[in-house]
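Enquirer: mind folding the following:
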Amino acid sequence: KKPNEVNMSKSKLPREILKNVYWLGDCLEQRYQGKIYHSYNSSYLVIGEEAALLVETGHPKDFNELHDQIVGILENKKVPLKYIFITHQETPHAGGVGRFLNIYPDIEIHGDVNDYHMAFPNYSANFKAMEVGDSIDLGGGMNFIAAEPVVRDMRTSLWGYITPYNLLFPGDGFAYSHYHWDGHCGMIAEEADTLDLFDVSAVFAELALFWTNFVDMEIYTKKLKELVDELDIKYIAPTHGLPILDIDKTMPKVIEGLQAPYHKLAG
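Expert: Alright, predicted model coming up:
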């Protein structure tokens, strides 16, 4: 079918991408140059033996769907949701903070949260500032650790990863859309074999990370590779892309896409 003739269905989530790590959310439609691209404002639920942590609160439009997914998973796991980590203070990433606080008044919100108390003064004690290297113990050897944000969408951006999987949560660092008409919704990146990763990464970089048009992204992609090597990252779970479970296969294509807007502008 042509892109504009497709029946836009649910995104086939939640999905357990690694043991006790769930990919949550729903698709967001984006029209660009006559096509309808799907992208995610994904959240991830990480479950240890003692506590669960949610990475990102998702887009406000997805809150009911997202919360239903969380409740359904944790009812079976018998583990409480105690923590939320937010990569930065933008609506698709942090737009659900207030709703989660209303439902879970004792939950801790982690990240660069230096001004959240002004928006939610009644919950100022819930916000816990993190710096690179700080960690949260979820029990059973599952730990969440704050990491340096190589690609910042905002000044307050912060990344994180979990051990022992060495799974990186890079926020906007690996942002790209996917093709609904080819059935990519709910797939990991390596399953979407018809996806032009260079094309969809370049489109996202040009439209969502506009500053990448004006800087030499090779500086950033070099640092990104260094971070992956330094932390021995094995998997990547982006907020706006399909999870990457084979870094050697997929990461080079995404990096080329990140570099494309600048090279295009430079001629």
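
Enquirer: can you pull up the most central residue in the protein?
Expert: residue 239 (1.9 Å; C-alpha atoms, centre = their mean).

Enquirer: any idea how far that residue lies from residue 86?
Expert: 10 Å (C-beta to C-beta, to the nearest Å). Just so you know, the C-beta spots here come from the backbone N, C-alpha and C atoms, and that holds for glycine as well.

Enquirer: the closest residue to residue 21 other than its chain neighbours: neighbour count?
Expert: Among residues not flanking residue 21 along the chain, residue 46 sits closest, at 5.5 Å (C-beta to C-beta, 6 or more residues apart in numbering). For residue 46, the count of nearby residues is 26 (other C-beta atoms under 10 Å).

Enquirer: ok but residue 46 is inside a strand, no?
Expert: Yes. In this structure, residue 46 lies within a strand as judged by DSSP: H, G, I helix; E, B strand; the rest coil.

Enquirer: centre of the chain to stretch 90-107, how far?
Expert: 16 Å (C-alpha atoms, centre = their mean, to the nearest Å).

Enquirer: just stretch 39-52 next, same as before
Expert: Distance, centroid of stretch 39-52 to centroid of chain: 10 Å (C-alpha atoms, centre = their mean).

Enquirer: and for stretch 76-90?
Expert: Distance, centroid of stretch 76-90 to centroid of chain: 13 Å (C-alpha atoms, centre = their mean).

Enquirer: could I get the pLDDT score of residue 34?
Expert: Residue 34 carries a pLDDT value of 70.

Enquirer: typo on my end, it should be residue 24
Expert: 95.

Enquirer: list the contacts for it?
Expert: 13, 14, 42, 43, 44, 45, 58, 66, 69, 70 (C-beta atoms under 8 Å, 6 or more residues apart in numbering).

Enquirer: what number of residues are in the vicinity of the residue nearest to the last one when sequence neighbours are not counted?
Expert: The spatially closest residue to residue 70, leaving aside those adjacent along the chain, is residue 45, at 6.0 Å (C-beta to C-beta, 6+ apart). Using other C-beta under 10 Å, the number of residues around residue 45 comes to 23.

Enquirer: so how far is residue 51 from residue 45?
Expert: From residue 45 to residue 51 the distance is 11 Å (C-beta to C-beta).

Enquirer: just to revisit the earlier point, shared neighbours of residue 239 and residue 86, anything?
Expert: By C-beta under 8 Å, 6+ apart, the residues touching both residue 239 and residue 86 are 56, 93.

Enquirer: could I get the full set of strands for the stretch 101-250 of the chain?
Expert: 108-111, 127-129, 135-139, 142-147, 159-163, 167-169, 235-236 (DSSP state E, counting those that start in this stretch).

Enquirer: got those as CSV, with distance to residue 62 and mean pLDDT columns?
Expert: Shown next, in CSV, are the strands of the stretch 101-250 of the chain (distance: least, C-beta to C-beta, whole Å; pLDDT from 0 to 100):
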stretch, distance to residue 62, mean pLDDT
strand 108-111, 18, 97
strand 127-129, 23, 97
strand 135-139, 24, 98
strand 142-147, 22, 98
strand 159-163, 21, 97
strand 167-169, 17, 97
strand 235-236, 21, 96
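
Enquirer: distance to residue 74 for these - can I get that in CSV?
Expert: What follows is these, written out as CSV (distance: least, C-beta to C-beta, whole Å):
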stretch, distance to residue 74
strand 108-111, 16
strand 127-129, 21
strand 135-139, 13
strand 142-147, 15
strand 159-163, 17
strand 167-169, 19
strand 235-236, 22
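
Enquirer: quick one: closest of those to residue 220.
Expert: Residue 220 sits nearest to strand 159-163 of all the strands of the stretch 101-250 of the chain, at 13.0 Å, using C-beta to C-beta.

Enquirer: partners of the closest one in the sheet?
Expert: Partners of strand 159-163 in the sheet, by DSSP bridges, are strand 142-147 (antiparallel), strand 167-169 (antiparallel).

Enquirer: which residues are common contacts for residue 45 and residue 51?
Expert: Shared contacts of residue 45 and residue 51, counting by C-beta under 8 Å, 6+ apart, come down to residue 81.

Enquirer: in stretch 216-231, what's buried?
Expert: 217, 220, 221, 224, 227, 228, 231 (16 or more other C-beta atoms under 10 Å).
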